[in-house]
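**Q** model this:
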Amino acid sequence: DASCFEGWKVKFIKLLESSIYNLKLKYRTRVRKCNSVFDDPSVCDELDFFHRHFVLCPVDKASKNIAIICKKYYMNTLLHECMNNTLSYCNIENISIDDICTGINDFMKDLKINVDDGDNRLPHIVLFPKFHKPKLSQRFVVSYANCSIKPLASRITLGLKAVYKKVISYSNMILKVTGVNRNWIIDNNTPLLDCFANTDFARNIQTYDFSTLYTNLDHSNIKTALSSVIKLMFKHAKCKYISIYSKSFAWVNKPRDTTFSFDENSLIEAVNFLIDNCYFTMGSQVFRQIIGVPIGVDPGPYIANLTLWYYENGYLEKLYKRDFFSARMLGKTFRLIDDITSINSDGVFGQHVGNIYPTSLTLNKENKEDSSANVLDLNVSIVDGKFKVSVYDKRDDFPFHIVQFSGKGSNVPRSTVLGVFLSQIIRYFRICSDIDGFADRLRNIVDKFVNLGFKKVLLKSRFISISKKHDFSNKYGNIDDLNSVFD
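**A** Coordinates of the predicted model:
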């Protein structure tokens, strides 16, 4: 009975009002009256000029750096990409935005997704400049924030995430039975670091990269692959539905009436609908992506990962039957979206990779020598039969200053900024296999934070505390020499 708490509620409100009143008395004389800068007409005129002639956008690979771009150049570049790249986009002239959104809303209503019929908005395309390239180029991204298809895209994301989790358990089961690893997908560098640490004798490493993976996947291939994977995982899960919540999911046999859920057919149908309705706007023009999936769509990473896994799993299943040795040799292969790393495969991966993926995808070998490579955020080399690992940050080679961390005088609390400092040190400790590589990165980040206004004495005390907590000396031995970094 809620009435039991009425006395507590009244007393709590009185205490709260008393505290607010006392704070007002305490700070009444200390609060300075400030005039808003936007009350100055000259400031508003300058801002209006800026809005009319320029566009602000994040820099590719350095999102805290903000580029100021001429609006005319920005719009012309977007229009040129949309109108001239006819292999990827087609201009839609015979269907209005309202008609497209009506079709999207009707589909979502059939799936029992609540929609706002008056909210008829399509995604829009934006660009991020690539200043790190020798010649200025752009990354084109379709923004799916606040658009009609967003509720469907977010639910598909959780549905495909549920399927991906079952792919992991399915592949682990196959690995135990056959000894062949059919799941190359990784989410971070931890599996790579574990593999490097547990490899007794390092022989070789090869890295590969897909060029324009998202925009080169054929729609028919995506639909075939995802349909097959979804059916296989529903069979493996032995559940009929995936219940979708706000930020999570659950495999169930009988979902609640009030909970949205996908069954096998509805998830396949929803994925196919999303792929067929990759519409976006550029100004008043409407376009549809006719190959690949837009960079920026919510379930994009899962669509790409599961599509590639379909081809990898199918090839490894056939290879296991005709060449068990080669299938086992590919067991130490890892893929993070479009970056593939093969460890100690002795050239076997290179022999088979051309037959694994569709011909529409181009896979390029990244490292020139098989004795060293830059993998994700790792610099890997083979020294005396062991993998030597240090931190690799491609931004170190960018021809402009990178804004990575918030300064001491920013609005970010000092404790939060120092927390970032410590988290980076822990990341370096996890990655670097020897103290020399760790010392180089420690010196680098200390210099950056000193330039931001932090005292070396403070940074040193925090480092000493975190090094004891995580037992750095157990990995590196005597770490006293690291104190010279703070001198």
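
**Q** going forward, measure contacts between C-alpha atoms and count neighbours the same way
**A** Noted.

**Q** and T359, what's its pLDDT?
**A** T359 carries a pLDDT score of 89 in this model.

**Q** that one - how many residues pack around it?
**A** Using other Cα atoms under 10 Å, T359 has 11 other residues around it.

**Q** so it lies in a strand, does it not?
**A** No - per DSSP: H, G, I helix; E, B strand; the rest coil, T359 lies outside any strand segment and is coil.

**Q** and L267, which helix or strand is it part of?
**A** helix 264-276 (DSSP states H and E).

**Q** point out where the protein drops to low pLDDT.
**A** 1, 28-33 (pLDDT under 70).

**Q** for it, longest strand please?
**A** If each strand of the chain is counted by residues according to DSSP state E, the longest one is strand 62-70.

**Q** chain center to it: distance?
**A** In this view, strand 62-70 has its centroid 19 Å away from the chain centroid, taken as Cα atoms, centre = their mean, to the nearest Å.

**Q** go through it and flag the buried ones.
**A** The neighbour-count check on strand 62-70 (16 or more other Cα atoms under 10 Å) flags 62, 65-67 as buried.

**Q** which one of the residues you listed is nearest E264?
**A** Nearest to E264 among those, counting by Cα to Cα, is A62 at 39.9 Å.

**Q** nearest residue to the closest one other than its sequence neighbours?
**A** Using Cα to Cα, 6 or more residues apart in numbering and skipping the chain neighbours, the partner closest in space to A62 is I402 (6.6 Å).

**Q** which residues does the one you found contact?
**A** For I402, the contacting residues are 62, 64-65, 395, by Cα atoms under 8 Å, 6 or more residues apart in numbering.

**Q** which stretches of the stretch 201-350 of the chain form helices?
**A** 219-237, 264-276, 300-322, 324-329, 348-352 (DSSP state H, counting those that start in this stretch).

**Q** which one of those helices lies closest to I174?
**A** Of all these, helix 300-322 comes closest under Cα to Cα, at 9.9 Å.

**Q** residues in contact with the closest one: which ones?
**A** Helix 300-322 is contacted from outside by 157, 160-161, 164, 180, 182-185, 213-214, 221-222, 225-226, 228-229, 293-294, 326-327, 337, 356-357, using Cα under 8 Å, 6+ apart.

**Q** one more pass at 7 Å, please.
**A** Residues outside helix 300-322 that contact it (Cα atoms under 7 Å, 6 or more residues apart in numbering) are 160-161, 182, 214, 222, 225-226, 229, 293, 327, 337, 356-357.

**Q** also stretch 92-107?
**A** Looking at what lies outside stretch 92-107 - Cα under 7 Å, 6+ apart - the contacts are 115, 117, 120-121, 148-149, 286-288.

**Q** repeat for stretch 410-419
**A** Under Cα under 7 Å, 6+ apart, the answer for stretch 410-419 is 406, 408.

**Q** for it, measure first residue to last.
**A** Stretch 410-419 has an end-to-end distance of 15 Å (criterion: Cα to Cα, to the nearest Å).

**Q** now stretch 79-90
**A** Terminal residues of stretch 79-90 are spaced 12 Å apart (Cα to Cα).

**Q** so which bits of that stretch are buried?
**A** Residues of stretch 79-90 classed as buried: 79, 82, 88-90 (neighbour count, 16+ other Cα under 10 Å).

**Q** again with stretch 249-261
**A** 249-252, 255, 260-261.

**Q** if any of the contacts of helix 300-322 are buried, put those into a ChimeraX selection.
**A** Here is the ChimeraX command that selects the buried residues among those (16+ other Cα under 10 Å):
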select :160,161,182,214,222,225,226,229,293,327,337,357
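
**Q** thinking again about what came up before, turn the helices of the stretch 201-350 of the chain into a markdown table, including distance to T362.
**A** Listed next are the helices of the stretch 201-350 of the chain as a markdown table, based on distance: least, Cα to Cα, whole Å:
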| stretch | distance to T362 |
| --- | --- |
| helix 219-237 | 15 |
| helix 264-276 | 21 |
| helix 300-322 | 13 |
| helix 324-329 | 22 |
| helix 348-352 | 14 |
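
**Q** K460: which of those helices is closest?
**A** That would be helix 300-322 among these, by Cα to Cα, at 39.7 Å.

**Q** who's in contact with the following helix or strand past the longest strand of the chain?
**A** Using DSSP H and E, the helix or strand that follows strand 62-70 towards the C-terminus is helix 71-84. If you take Cα under 7 Å, 6+ apart as the criterion, helix 71-84 is touched by 53-55, 89.

**Q** what angle do helix 71-84 and strand 62-70 make?
**A** Calculated by axes from the mean of the first three to the mean of the last three Cα atoms, to 10 degrees, helix 71-84 forms an angle of 100 degrees with strand 62-70.

**Q** ok, the helix or strand just after helix 71-84: who's next to it in the sheet?
**A** Moving toward the C-terminus from helix 71-84, the next helix or strand (DSSP H and E) is strand 89-92. When sheet partners are counted by DSSP bridges, strand 89-92 sits next to strand 285-289 (antiparallel).

**Q** need the residue closest to the centroid of this structure.
**A** Nearest to the geometric centre of the chain sits P301, at 7.9 Å (Cα atoms, centre = their mean).

**Q** any idea how far D338 is from that residue?
**A** Per Cα to Cα, P301 is found 10 Å from D338.
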